[in-house]
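A.B. asks: Coordinates for the following, if possible.
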Amino acid sequence: MGRALGEFEQVLLFALVALGEEAHGNAVREFVEQETGRARSPGSIHLTLERLQRRGCVSSSLGDPTPIRGGRRKRFYSLTPAGARALKTSYEMLATMARGRLERLDELAAG
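C.D. replies: Alright, predicted model coming up:
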């Protein structure tokens, strides 16, 4: 793996966990917007998923062609074991850092 996961990479990997076998680009984009309240372009979703695939965190496969998409196929994404380990490590590190500090963070945020 080498490099730590960025925030958006983590968000996309958690989306793959949540969506399971239904994790195609548009479903991931909609899930991210619903869960985070932040809209992302389809291009940013696909580019980041491709980068995660090159890093070994994600695998992809093409689904069957559908008439709704004019015969085009959807690309489905899934988390690899290496991606699951990277996401778990990243999440655990942040959880460890936050443990016992959220109250202080609330104080600082309140000014």
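A.B. asks: for this structure, what are the low-confidence residue spans?
C.D. replies: Applying pLDDT under 70 to the chain flags residues 1-2, 69-70.
A.B. asks: Grab the longest helix from it for me.
C.D. replies: Longest helix in the chain by number of residues (criterion: DSSP state H): helix 81-98.
A.B. asks: On the three-state scheme, S61 is what?
C.D. replies: strand (DSSP: H, G, I helix; E, B strand; the rest coil).
A.B. asks: try L108
C.D. replies: The three-state assignment at L108 reads helix, by three-state DSSP.
A.B. asks: State the distance from S60 to T96.
C.D. replies: 32 Å (Cβ to Cβ, to the nearest Å). To be clear about C-beta, it is placed using only N, CA and C from the backbone, and glycine gets the same treatment.
A.B. asks: These two - which one has more neighbours?
C.D. replies: S60 (15 against 9; other Cβ atoms under 10 Å).
A.B. asks: before we move on, back to that, check which helices and strands the longest helix of the chain is in contact with.
C.D. replies: Helix 81-98 is packed against helix 7-19, with contacts defined by 3 or more Cβ pairs under 8 Å, 6 or more residues apart in numbering; DSSP states H and E.
A.B. asks: May I have the phi/psi pair for R75?
C.D. replies: The phi/psi pair for R75 (degrees, to the nearest 10) reads phi -100, psi 120.
A.B. asks: Bridging across strands, which residues link to it?
C.D. replies: R75 forms beta bridges with L62, as assigned by DSSP bridges.
A.B. asks: and it, how many residues sit next to it?
C.D. replies: Using other Cβ under 10 Å, R75 has 15 neighbouring residues.
A.B. asks: can you pull the contacts of it?
C.D. replies: 24-25, 60-63 (Cβ atoms under 8 Å, 6 or more residues apart in numbering).
A.B. asks: Please, which helix or strand holds V28?
C.D. replies: With secondary structure defined by DSSP states H and E, V28 is part of helix 25-36.
A.B. asks: er, G100 I mean
C.D. replies: Counting by DSSP H and E, G100 is part of no helix or strand.
A.B. asks: What separation do you get for it and F14?
C.D. replies: Distance from G100 to F14, by Cβ to Cβ: 24 Å.
A.B. asks: With that, I have no additional questions.
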